[in-house]
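A.B. asks: structure of the sequence below:
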Amino acid sequence: MRSFLKIIFILLFLPTLGFGQSGLDTLSLESIFYDPLLAGNRPDIVTFSPDQSHIYYQTNDSSKTMEELFKRPVTGGERNLVSDDAERNFQVSPDRQKLLYHDQGDLWIADIDFTNKRQLVDSKAEEYGGMWSPDSKQIAFVQDGDIWMINIGTSKLTQVTNKEEDETGFNVEGWAGKDKLVLTQFDTSDYEEYYFPEYVGQYVKPGSTRRGIARQLVSVADIQTKEVDLLFENKGYIDTDISAKGNYLAIDKTGPSMKKRAVKVFDLSSKEPTTVFEDSTKGWLYNTEIAFAPSGDKLMILSEKDGWNHIYTVNPDGSNLKQHTRGEYEVPWAEWLNGEAIIFASTEVGPGERHIYRMNINSNETEKLTTKAGYRQDFELSEDNSYLVYQYSYFNEPFELYSLNVGNESEEKRLTQTIPDRFNNIDWQKEDYIRFTARDGETELSMSVLEPTKKTEQSSHPVVVFVHGAGSLQNVYKGWSNNYYREYMFHQYLTAQGYYVIEVDYRHSTGYGRVFREDVTNWMGKYETRDIIDGIDYLAEHYPQADTSSVGIYGGSYGGFMALYATSVAPDYFDAAAALRAVTNWENYYYTNPWYTQPRLGTPDADSAHYARSSPITYVEQLEDPVLILHGLTDNNVGFQDAAQYIEKLIQAGGKEFDMMMYPTERHSFQDPDAWFDEYSRIFDFFEKHLKN
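C.D. replies: Residues are numbered from 1 along each chain as shown. Here you go, the predicted structure:
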């Protein structure tokens, strides 16, 4: 706590379950956390129709959690409800005459309009992973871990692989021309077993699971000789792509620590590789993607090699490596339109906005295709490359689906209208979107500020800081938060109860370049806390009615970790912390989620100091302020072990003020509205008690 006295003031506020001020007549904790969803059910893209003229998407017109499937023309127009038994996952044959789909573990084909359905394989085993040959005459698929082919004209079945009983099963990665298949294997034999017990049934269940980092293998099978040649193996992570004519295979590989990247292109006639691109970093690689052009053999690579995620192209022999975009902005998504053009999204206008561009890779001439300010995400390009569909949002406007005619100068078109009237009847406060410079005089930070809706010149108001989870995530931008839509509304509710609410995209967040993200390597919590404190100092300087002597902080997962960490190491700035499903001991998280912790902190055996200084459990003795611990008992991401260990430390330390609630049937992402409501009611009451009294 601060050494100076807090200002005591009386603030009229509504009870926990009451309604807000005039214009906020439906904003309550019940309306935020229970069905029907106040903001409606956000539409999710499923796929394009086989003829590319329509988009299938999921939502619910009644704003219930359960989603329905709809179909709407990509140009707009009437939307129709699609029956529950409609096929959602299908592949169109290259000649666009047939559809391939799976039904209850069996392989089926149909005409392009879903008529003349025919079951291809009838067996007790499950068939999956089906993939058309380039000539549309054969389908490769997986059965019992082996690769088979079927000729759709003659129904002839051919077994391609014959794995040993204890060998890892194969998957079809793709066809390389008419006579080769690229296959992958995902070897998890060295995974370790861990437990997330379940308690509410008649008997306690151990909840066992196996976790680790897999060894991945890439092979090429000759469908005539049935020979399977192992090309590449790597413990870590790989991405693959096959050139249009099937003569080249690109493999993008990184190791478990995600610090070194190599893109290798194999000439499948000789099976000889050429390393065409390399990158390395002290932190961890992010948003690495590769894709061959739809014609020719040019390979596109997304990379942060110059510090920001940009577009590169290279020939299969490694020649003519070119960087096509450059500058202090991100390219989060890109796809080929044809052999000479790429469509992509970028933050060139600013880190809080995403716009869509088209670029000619020969001249690097770029055309901006969107004009309206806002945030765009989840891009889906039609197979004929004529339409792009995506989610779009602006401040206080939940994401809706939009389409863009790529080859036309027409404006983007809104496809869905799923926001309920009762949401629009609320007088939502538009947050202040702020860019400011951190204490080092160089790092630019993004922050959002919401002010109390009832304040006078003489009044002073406590502050709540929200910390987003994941670490590597962006949540401060000019739009609605899809990741934290409940919190988005909860924060507006807090403003009606007399709070300032702020959020800072701290270092570790995405969208701000490699250095910004990687500064936290080997010591998570240190720079994030500094950035959040810089946000509080900015608030104190520019919002004189914000009582920064009374600050609460809360968040879930990584945000819960940060709430405990920041309150422990900076008690002069934080007065109460609510931690939801928080990591308290990063060593626990390493064993069940090494893919996350090893790139950031190393391994506990070799880098124990990194783990200790990054874990809130290390700082329990320093904790001066009250904390609220909220955790799902069956959480199989951040295990309840973290909450139990932290609480035991609090007890043993003595004199620590804390409260705790466990949720017996909830995992990391809560499902039960009652649990959500209970959790946030406790958070609200916690802040009322410790920030206002």
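A.B. asks: and the residue nearest to the spatial centre of the chain, how far is that from residue 482?
C.D. replies: Nearest to the mean C-alpha position of the chain, by CA atoms, centre = their mean, lies residue 473 at 7.3 Å. Residue 473 sits 11 Å away from residue 482, going by CB to CB, to the nearest Å. Placement of C-beta: from N, CA and C, glycine included.
A.B. asks: go on, residue 32?
C.D. replies: Distance, residue 32 to residue 482, using CB to CB: 16 Å.
A.B. asks: element containing residue 541?
C.D. replies: Counting by DSSP states H and E, the element that carries residue 541 is helix 526-542.
A.B. asks: quick one, grab the pLDDT at the residue nearest to the centre of the chain.
C.D. replies: As predicted, residue 473 sits at a pLDDT of 97.
A.B. asks: these two touch, right, it and residue 510?
C.D. replies: Yes - contact criterion CB atoms under 8 Å: residue 473 and residue 510 qualify, at 6.1 Å.
A.B. asks: what about the residue nearest to the centre of the chain, distance to residue 681?
C.D. replies: Distance from residue 473 to residue 681, by CB to CB: 26 Å.
A.B. asks: now residue 402
C.D. replies: For residue 402 relative to residue 681 (CB to CB), the value is 36 Å.
A.B. asks: same thing with residue 177?
C.D. replies: For residue 177, the distance to residue 681 equals 61 Å [CB to CB].
A.B. asks: same question for residue 327.
C.D. replies: 46 Å.
A.B. asks: higher neighbour count, the two?
C.D. replies: Shown here are residue 327 and residue 681; by other CB atoms under 10 Å, residue 681 has more neighbours (15 against 12).
A.B. asks: secondary structure of that one: a strand, I assume?
C.D. replies: No - with DSSP: H, G, I helix; E, B strand; the rest coil as the criterion, residue 681 is assigned helix and is not in a strand.
A.B. asks: thinking it is in contact with residue 32, fair?
C.D. replies: No - counting by CB under 8 Å, residue 681 stays clear of residue 32, with 10.6 Å between them.
A.B. asks: so what sits against both of those two?
C.D. replies: Shared contacts of residue 681 and residue 32 (CB atoms under 8 Å, 6 or more residues apart in numbering): none.
A.B. asks: what residue in the chain is the furthest from its centre?
C.D. replies: For the chain, the largest distance from the centre (CA atoms, centre = their mean) belongs to residue 154, which lies 43.9 Å off.
A.B. asks: now the element after the helix or strand hosting residue 644, going C-ward?
C.D. replies: For residue 644, the host element (DSSP H and E) is helix 640-653. As assigned by DSSP H and E, the chain's next helix or strand after helix 640-653 is strand 658-663.
A.B. asks: partner strands of that following strand, parallel or antiparallel?
C.D. replies: Paired with strand 658-663 in the same sheet, following DSSP bridges, are strand 627-632 (parallel).
A.B. asks: got the angle for the partner strand vs helix 640-653?
C.D. replies: Inter-element angle recorded for strand 627-632 and helix 640-653: 150 degrees (by axes from the mean of the first three to the mean of the last three CA atoms, to 10 degrees).
A.B. asks: then strand 627-632 to PDB, C-alphas only?
C.D. replies: Extracted C-alpha coordinates of strand 627-632, given in PDB (Å, rounded to 0.1, in the frame of the first residue of the first chain):
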ATOM      1  CA  VAL A 627      -5.700 -11.100  -3.400                       C
ATOM      2  CA  LEU A 628      -8.700 -13.100  -4.700                       C
ATOM      3  CA  ILE A 629      -7.900 -16.500  -6.300                       C
ATOM      4  CA  LEU A 630     -10.500 -18.000  -8.700                       C
ATOM      5  CA  HIS A 631      -9.700 -21.300 -10.400                       C
ATOM      6  CA  GLY A 632     -11.500 -24.200 -12.200                       C
END
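A.B. asks: quick check: mean pLDDT of the longest strand along the chain?
C.D. replies: For the chain, the longest strand by residue count, based on DSSP state E, is strand 546-556. Across strand 546-556, pLDDT averages out at 98.
A.B. asks: list the contacts for the nearest residue to residue 76 once chain neighbours are set aside?
C.D. replies: Nearest residue to residue 76, sequence neighbours excluded (CB to CB, 6 or more residues apart in numbering): residue 413, at 5.1 Å. Residues counted as contacts of residue 413 (CB under 8 Å, 6+ apart) are 75, 76, 402, 403, 404.
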